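Asker: A predicted structure for the sequence below; I have some questions about it.
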Amino acid sequence: EAQVTQNPRYLITVTGKKLTVTCSQNMNHEYMSWYRQDPGLGLRQIYYSMNVEVTDKGDVPEGYKVSRKEKRNFPLILESPSPNQTSLYFCASRVAGGTRGETQYFGPGTRLLVL
Amino acid sequence: AQKVTQAQTEISVVEKEDVTLDCVYETRDTTYYLFWYKQPPSGELVFLIRRNSFDEQNEISGRYSWNFQKSTSSFNFTITASQVVDSAVYFCALSGDSNYQLIWGAGTKLIIKP
(Lines give C-alpha, C1' and ligand atoms only; values in the text may rest on other atoms or scores of the structure.)
Protein backbone atom coordinates (compact mmCIF):
# COMPACT_ATOMS: atom_id res chain seq x y z
CA GLU A 1 0.00 0.00 0.00
CA ALA A 2 1.31 3.42 -1.01
CA GLN A 3 1.69 5.49 2.10
CA VAL A 4 3.54 8.01 4.17
CA THR A 5 4.27 6.89 7.71
CA GLN A 6 5.24 8.96 10.71
CA ASN A 7 6.48 7.97 14.13
CA PRO A 8 5.65 8.53 16.85
CA ARG A 9 2.02 9.45 16.44
CA TYR A 10 1.84 11.04 19.86
CA LEU A 11 4.67 12.47 21.93
CA ILE A 12 4.87 14.31 25.22
CA THR A 13 8.25 15.71 26.10
CA VAL A 14 9.86 18.41 28.18
CA THR A 15 11.55 21.61 27.17
CA GLY A 16 15.07 21.12 25.88
CA LYS A 17 15.00 17.37 25.37
CA LYS A 18 16.04 16.60 21.81
CA LEU A 19 13.60 14.59 19.77
CA THR A 20 13.21 13.22 16.25
CA VAL A 21 10.02 12.54 14.36
CA THR A 22 10.55 10.06 11.57
CA CYS A 23 8.86 10.14 8.19
CA SER A 24 9.04 7.49 5.53
CA GLN A 25 7.33 7.07 2.16
CA ASN A 26 7.20 4.05 -0.13
CA MET A 27 6.16 5.82 -3.33
CA ASN A 28 9.65 6.70 -4.55
CA HIS A 29 8.76 10.39 -4.34
CA GLU A 30 11.53 12.92 -4.74
CA TYR A 31 9.83 15.75 -2.88
CA MET A 32 9.12 15.57 0.84
CA SER A 33 7.95 18.21 3.22
CA TRP A 34 7.12 18.92 6.86
CA TYR A 35 4.21 21.04 8.03
CA ARG A 36 2.87 22.09 11.35
CA GLN A 37 -0.79 22.74 11.99
CA ASP A 38 -1.98 25.09 14.68
CA PRO A 39 -5.53 26.24 15.46
CA GLY A 40 -6.49 29.26 13.40
CA LEU A 41 -3.24 29.22 11.44
CA GLY A 42 -3.82 26.33 9.09
CA LEU A 43 -0.84 24.40 7.77
CA ARG A 44 2.53 26.04 7.59
CA GLN A 45 5.54 24.56 5.90
CA ILE A 46 8.62 23.99 8.03
CA TYR A 47 11.13 22.46 5.62
CA TYR A 48 11.06 20.68 2.33
CA SER A 49 13.39 18.53 0.29
CA MET A 50 13.52 18.24 -3.46
CA ASN A 51 15.68 15.12 -3.38
CA VAL A 52 18.42 13.36 -1.45
CA GLU A 53 20.79 15.84 0.23
CA VAL A 54 18.69 18.79 -1.00
CA THR A 55 16.70 20.60 1.67
CA ASP A 56 15.36 24.11 2.04
CA LYS A 57 13.49 26.24 4.53
CA GLY A 58 9.77 26.73 4.44
CA ASP A 59 7.83 29.44 6.19
CA VAL A 60 8.56 28.50 9.81
CA PRO A 61 11.95 26.74 10.01
CA GLU A 62 13.18 28.22 13.30
CA GLY A 63 13.86 25.59 15.93
CA TYR A 64 13.80 22.67 13.48
CA LYS A 65 16.32 20.67 11.51
CA VAL A 66 15.90 18.10 8.79
CA SER A 67 18.06 15.72 6.84
CA ARG A 68 17.56 13.73 3.66
CA LYS A 69 20.13 11.01 3.45
CA GLU A 70 17.83 8.52 1.77
CA LYS A 71 15.06 9.11 -0.70
CA ARG A 72 12.39 7.45 1.40
CA ASN A 73 13.17 9.10 4.76
CA PHE A 74 12.89 12.68 5.92
CA PRO A 75 13.23 13.02 9.69
CA LEU A 76 12.31 16.18 11.57
CA ILE A 77 14.63 17.06 14.42
CA LEU A 78 13.89 19.36 17.33
CA GLU A 79 17.24 19.97 18.99
CA SER A 80 15.83 21.87 21.96
CA PRO A 81 12.04 21.79 21.93
CA SER A 82 10.09 24.63 23.47
CA PRO A 83 6.40 24.86 24.41
CA ASN A 84 5.65 26.96 21.32
CA GLN A 85 6.51 23.91 19.23
CA THR A 86 3.52 22.09 20.65
CA SER A 87 1.58 21.31 17.51
CA LEU A 88 0.30 18.73 15.07
CA TYR A 89 2.99 17.83 12.55
CA PHE A 90 2.50 16.37 9.11
CA CYS A 91 4.95 14.89 6.70
CA ALA A 92 4.05 14.84 3.02
CA SER A 93 5.54 13.58 -0.21
CA ARG A 94 4.97 13.97 -3.94
CA VAL A 95 6.74 13.46 -7.20
CA ALA A 96 9.04 16.33 -8.09
CA GLY A 97 8.99 15.84 -11.82
CA GLY A 98 6.07 16.58 -14.07
CA THR A 99 4.04 19.61 -13.22
CA ARG A 100 4.54 21.62 -10.07
CA GLY A 101 0.99 20.86 -9.14
CA GLU A 102 1.43 17.21 -8.36
CA THR A 103 -0.65 16.02 -5.44
CA GLN A 104 0.95 15.83 -2.02
CA TYR A 105 0.16 12.81 0.10
CA PHE A 106 0.25 13.16 3.84
CA GLY A 107 1.26 11.03 6.76
CA PRO A 108 -1.17 10.46 9.64
CA GLY A 109 0.25 13.27 11.74
CA THR A 110 2.25 13.49 14.96
CA ARG A 111 0.78 15.26 17.95
CA LEU A 112 3.56 16.83 19.99
CA LEU A 113 3.19 18.36 23.42
CA VAL A 114 6.19 20.16 24.89
CA LEU A 115 5.91 20.85 28.61
CA ALA B 1 1.85 36.74 -3.91
CA GLN B 2 -0.33 33.69 -3.66
CA LYS B 3 -3.17 33.44 -1.21
CA VAL B 4 -6.12 31.21 -0.44
CA THR B 5 -9.11 32.48 1.49
CA GLN B 6 -11.74 30.31 3.08
CA ALA B 7 -14.00 32.89 4.61
CA GLN B 8 -16.29 30.41 6.33
CA THR B 9 -14.66 29.42 9.59
CA GLU B 10 -17.42 27.04 10.61
CA ILE B 11 -20.61 25.80 9.02
CA SER B 12 -23.28 23.78 10.76
CA VAL B 13 -26.13 22.10 8.91
CA VAL B 14 -28.59 19.34 9.53
CA GLU B 15 -28.06 16.01 7.86
CA LYS B 16 -29.36 15.72 4.29
CA GLU B 17 -28.96 19.43 3.62
CA ASP B 18 -26.72 20.57 0.80
CA VAL B 19 -23.74 22.68 1.81
CA THR B 20 -21.20 24.70 -0.15
CA LEU B 21 -17.72 25.52 1.09
CA ASP B 22 -16.17 28.58 -0.48
CA CYS B 23 -12.59 28.98 -1.63
CA VAL B 24 -11.17 32.11 -3.23
CA TYR B 25 -7.60 32.26 -4.42
CA GLU B 26 -5.06 34.78 -5.64
CA THR B 27 -2.14 34.04 -7.90
CA ARG B 28 -0.19 35.67 -10.69
CA ASP B 29 0.79 32.35 -12.20
CA THR B 30 -0.79 31.44 -15.51
CA THR B 31 -0.62 27.77 -14.68
CA TYR B 32 -1.72 26.76 -11.23
CA TYR B 33 -3.40 23.93 -9.39
CA LEU B 34 -6.13 23.85 -6.81
CA PHE B 35 -6.75 21.19 -4.24
CA TRP B 36 -9.25 20.22 -1.61
CA TYR B 37 -8.30 18.13 1.38
CA LYS B 38 -10.47 16.75 4.15
CA GLN B 39 -9.36 16.44 7.76
CA PRO B 40 -11.78 14.28 9.77
CA PRO B 41 -11.78 14.36 13.58
CA SER B 42 -9.18 11.58 13.57
CA GLY B 43 -6.73 14.15 12.22
CA GLU B 44 -5.35 12.75 8.99
CA LEU B 45 -5.38 14.77 5.78
CA VAL B 46 -7.25 13.13 2.95
CA PHE B 47 -6.81 14.30 -0.62
CA LEU B 48 -10.13 14.93 -2.38
CA ILE B 49 -9.47 16.63 -5.70
CA ARG B 50 -6.88 18.42 -7.83
CA ARG B 51 -7.72 20.85 -10.60
CA ASN B 52 -5.44 22.69 -12.99
CA SER B 53 -6.07 26.20 -14.21
CA PHE B 54 -6.79 25.12 -17.76
CA ASP B 55 -9.61 22.82 -16.84
CA GLU B 56 -12.70 24.74 -15.81
CA GLN B 57 -15.05 21.82 -16.10
CA ASN B 58 -17.01 21.16 -12.97
CA GLU B 59 -16.29 17.86 -11.29
CA ILE B 60 -18.76 15.54 -9.64
CA SER B 61 -17.86 12.56 -7.53
CA GLY B 62 -20.84 10.97 -5.86
CA ARG B 63 -22.26 13.51 -3.43
CA TYR B 64 -19.29 15.82 -3.90
CA SER B 65 -19.01 18.43 -6.61
CA TRP B 66 -16.60 21.23 -7.34
CA ASN B 67 -17.23 24.46 -9.19
CA PHE B 68 -14.11 26.11 -10.60
CA GLN B 69 -14.57 29.64 -11.92
CA LYS B 70 -11.49 31.52 -13.07
CA SER B 71 -13.51 34.70 -13.61
CA THR B 72 -14.12 34.94 -9.88
CA SER B 73 -10.98 33.08 -8.78
CA SER B 74 -13.07 30.60 -6.90
CA PHE B 75 -13.04 26.85 -6.44
CA ASN B 76 -16.08 26.00 -4.37
CA PHE B 77 -16.96 22.61 -2.97
CA THR B 78 -20.52 21.36 -2.56
CA ILE B 79 -21.71 18.36 -0.62
CA THR B 80 -25.15 17.19 -1.61
CA ALA B 81 -27.37 15.41 0.91
CA SER B 82 -24.80 15.79 3.66
CA GLN B 83 -24.14 13.00 6.12
CA VAL B 84 -22.74 12.99 9.63
CA VAL B 85 -19.59 11.33 8.30
CA ASP B 86 -18.92 14.46 6.26
CA SER B 87 -18.16 16.33 9.46
CA ALA B 88 -14.57 17.47 9.16
CA VAL B 89 -12.34 20.41 8.48
CA TYR B 90 -11.96 21.06 4.77
CA PHE B 91 -8.93 22.79 3.34
CA CYS B 92 -8.51 24.44 -0.01
CA ALA B 93 -4.94 24.79 -1.29
CA LEU B 94 -3.14 26.33 -4.24
CA SER B 95 0.10 25.50 -6.01
CA GLY B 96 1.39 27.86 -8.64
CA ASP B 97 3.73 26.96 -11.44
CA SER B 98 6.32 29.38 -10.14
CA ASN B 99 7.22 27.20 -7.14
CA TYR B 100 6.50 23.93 -5.42
CA GLN B 101 4.98 25.38 -2.30
CA LEU B 102 1.42 24.53 -1.43
CA ILE B 103 -0.50 27.54 -0.13
CA TRP B 104 -3.26 26.63 2.29
CA GLY B 105 -6.50 28.25 3.27
CA ALA B 106 -7.33 28.39 6.96
CA GLY B 107 -9.91 25.65 6.61
CA THR B 108 -13.66 25.42 7.11
CA LYS B 109 -15.00 23.30 9.92
CA LEU B 110 -18.13 21.53 8.75
CA ILE B 111 -20.51 20.14 11.34
CA ILE B 112 -23.31 17.89 10.18
CA LYS B 113 -25.95 17.38 12.83
CA PRO B 114 -28.08 14.22 12.80
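Answerer: Nice, thanks for sending it over.
Asker: what parts of chain B come near chain A?
Answerer: Within chain B, the positions adjacent to chain A are B:31-33, B:35, B:37, B:43-45, B:47, B:50, B:52, B:91, B:95-102, B:104-107 by Cβ under 8 Å from any Cβ of the partner chain. From N, CA and C alone the C-beta is placed, and that goes for glycine too.
Asker: and the nearest residue to residue B:51 once chain neighbours are set aside, bridged to which residues?
Answerer: In space, residue B:51 comes closest to residue B:34 once its chain neighbours are excluded; the distance is 4.7 Å by Cβ to Cβ, 6 or more residues apart in numbering or on different chains. When assigned by DSSP bridges, residue B:34 has beta-bridge partners residue B:51, residue B:94.
Asker: now the strands for chain A?
Answerer: Ranges of strands in chain A, per DSSP state E, are A:4-7, A:10-13, A:19-25, A:31-38, A:42-51, A:54-57, A:65-66, A:76-78, A:87-94, A:105-106, A:110-114.
Asker: before we move on, what about chain B?
Answerer: In chain B, the strands defined using DSSP E lie at B:3-5, B:10-14, B:19-21, B:24-26, B:32-39, B:46-52, B:59-61, B:64-69, B:74-79, B:88-96, B:103-104, B:108-113.
Asker: what's the fourth one packed up against?
Answerer: By that I understand strand B:24-26. Here strand B:24-26 touches strand B:3-5, strand B:74-79, going by 3 or more Cβ pairs under 8 Å, 6 or more residues apart in numbering or on different chains; DSSP states H and E.
Asker: related to what we said a few turns ago, how about TSV for the strands of chain A, with mean pLDDT and distance to chain B added?
Answerer: As requested, those are exported to TSV (pLDDT from 0 to 100; distance: least, Cβ to the nearest Cβ, whole Å):
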stretch	mean pLDDT	distance to chain B
strand A:4-7	96	10
strand A:10-13	96	10
strand A:19-25	98	14
strand A:31-38	94	7
strand A:42-51	92	5
strand A:54-57	93	10
strand A:65-66	98	15
strand A:76-78	98	16
strand A:87-94	96	6
strand A:105-106	92	4
strand A:110-114	97	8
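Asker: in JSON lines: those, plus mean neighbour count and distance to residue B:8.
Answerer: Putting the strands of chain A into JSON lines (neighbours: other Cβ atoms under 10 Å in any protein chain shown; distance: least, Cβ to Cβ, whole Å) gives the following:
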{"stretch": "strand A:4-7", "mean neighbour count": "18", "distance to residue B:8": "29"}
{"stretch": "strand A:10-13", "mean neighbour count": "13", "distance to residue B:8": "30"}
{"stretch": "strand A:19-25", "mean neighbour count": "19", "distance to residue B:8": "32"}
{"stretch": "strand A:31-38", "mean neighbour count": "23", "distance to residue B:8": "18"}
{"stretch": "strand A:42-51", "mean neighbour count": "20", "distance to residue B:8": "14"}
{"stretch": "strand A:54-57", "mean neighbour count": "14", "distance to residue B:8": "31"}
{"stretch": "strand A:65-66", "mean neighbour count": "18", "distance to residue B:8": "34"}
{"stretch": "strand A:76-78", "mean neighbour count": "19", "distance to residue B:8": "31"}
{"stretch": "strand A:87-94", "mean neighbour count": "24", "distance to residue B:8": "21"}
{"stretch": "strand A:105-106", "mean neighbour count": "20", "distance to residue B:8": "23"}
{"stretch": "strand A:110-114", "mean neighbour count": "19", "distance to residue B:8": "26"}
